[in-house]
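Peer 1: pasting the sequence and the predicted model now:
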Amino acid sequence: MELETQRLLLRPWAESDAQRLYEYARDPRVGPVAGWHAHTSVENSLSIIRQVLSVPETYAVCLKPSRDPIGCVGLTIGKASNLKLSEQEGEIGYWLGVPFWGQGLIPEACQAVITHAFVDLQLETLWCGYFDGNIKSKRVQEKCGFSYHHTIPNLLWQLTGDIRTEHVTCLPKEVWLQLHPEL
């Protein structure tokens, strides 16, 4: 499935995206703050595409008209989430290559996924989280209508093997509908 916004195409990841993925995911300003290690090679990026990014509801964020990925946005539903959600709930995660920061692209991509989650998938609640110090991610969540819900201190983050503090935000469908009366 593909989703479109005014400036973006959200599409499934392909193995042919490995070089482009590596170009942005190797930057240490991207992955570590989001909870994953910077990519070490094109082969590492290819492995990530095969093992992580090829799951349903995970999208390469591409500028139109190019189909080249510049970031990622994904929706994890139910028990597959780190937050152990019900099957009527989902968790959104995202990242964007550094050259594209500050242009409002990830909020735009997230809004498309949020609409898809509530309208097409009929989810009731969406969740999102950010680690201490990731102010950019916090701002994305605020722009998309998420509100602070709780904090998880002293969380052992398996992907990086370190202890973190995660702040969790929430967006119920009824709140989203109030923000988007046109739907």
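Peer 2: Thanks, I have it.
Peer 1: please make it C-alpha for all contacts and neighbour counts, starting now.
Peer 2: OK.
Peer 1: next SSE after the helix or strand containing residue 155?
Peer 2: Residue 155 is part of strand 147-157 when elements are defined by DSSP states H and E. Downstream of strand 147-157, the next assigned helix or strand under DSSP H and E is strand 162-172.
Peer 1: adjacent strands (with direction) for that next one?
Peer 2: strand 125-131 (antiparallel), strand 147-157 (antiparallel) (DSSP bridges).
Peer 1: quick check: buried residues in the last one?
Peer 2: Pointing back at strand 147-157 there. 147-148, 151 (16 or more other CA atoms under 10 Å).
Peer 1: now do the shortest one
Peer 2: Buried residues in strand 125-131, defined by neighbour count with 16+ other CA under 10 Å: 125-131.
Peer 1: check the offset of the strand holding residue 155 from the chain's centre.
Peer 2: Put simply, strand 147-157 sits 17 Å off its chain's centre (CA atoms, centre = their mean, to the nearest Å).
Peer 1: quick one: mean pLDDT over the helix ranked longest in the chain.
Peer 2: Criterion DSSP state H: the longest helix present in the chain is helix 105-115. The pLDDT scores in helix 105-115 average 98.
Peer 1: now stretch 65-72
Peer 2: 94.
Peer 1: number the chain from 21, please
Peer 2: All set: I'll call the first residue 21, so the last point we hit is now stretch 85-92.
Peer 1: end to end, how far does that stretch reach?
Peer 2: Its start and end residues considered, stretch 85-92 measures 17 Å (CA to CA, to the nearest Å).
Peer 1: go on, stretch 96-113?
Peer 2: OK, stretch 96-113 end separation, CA to CA: 8 Å.
Peer 1: the host helix or strand of residue 92 pairs with which strands?
Peer 2: Using DSSP H and E, residue 92 sits within strand 89-97. Strand pairing for strand 89-97, determined by DSSP bridges: strand 78-83 (antiparallel), strand 109-116 (antiparallel).
Peer 1: contacts for the last one next, please.
Peer 2: Right, the one you point to is strand 109-116. 44, 50-51, 54, 90-98, 101, 103, 126, 130, 137, 143-149 (CA atoms under 8 Å, 6 or more residues apart in numbering).
Peer 1: relative orientation of it and helix 125-135 in degrees?
Peer 2: Going by axes from the mean of the first three to the mean of the last three CA atoms, to 10 degrees, strand 109-116 is angled at 160 degrees with respect to helix 125-135.
Peer 1: can you give the distance of strand 109-116 from its chain's centre?
Peer 2: For strand 109-116, the distance to the chain centre is 3 Å (CA atoms, centre = their mean).
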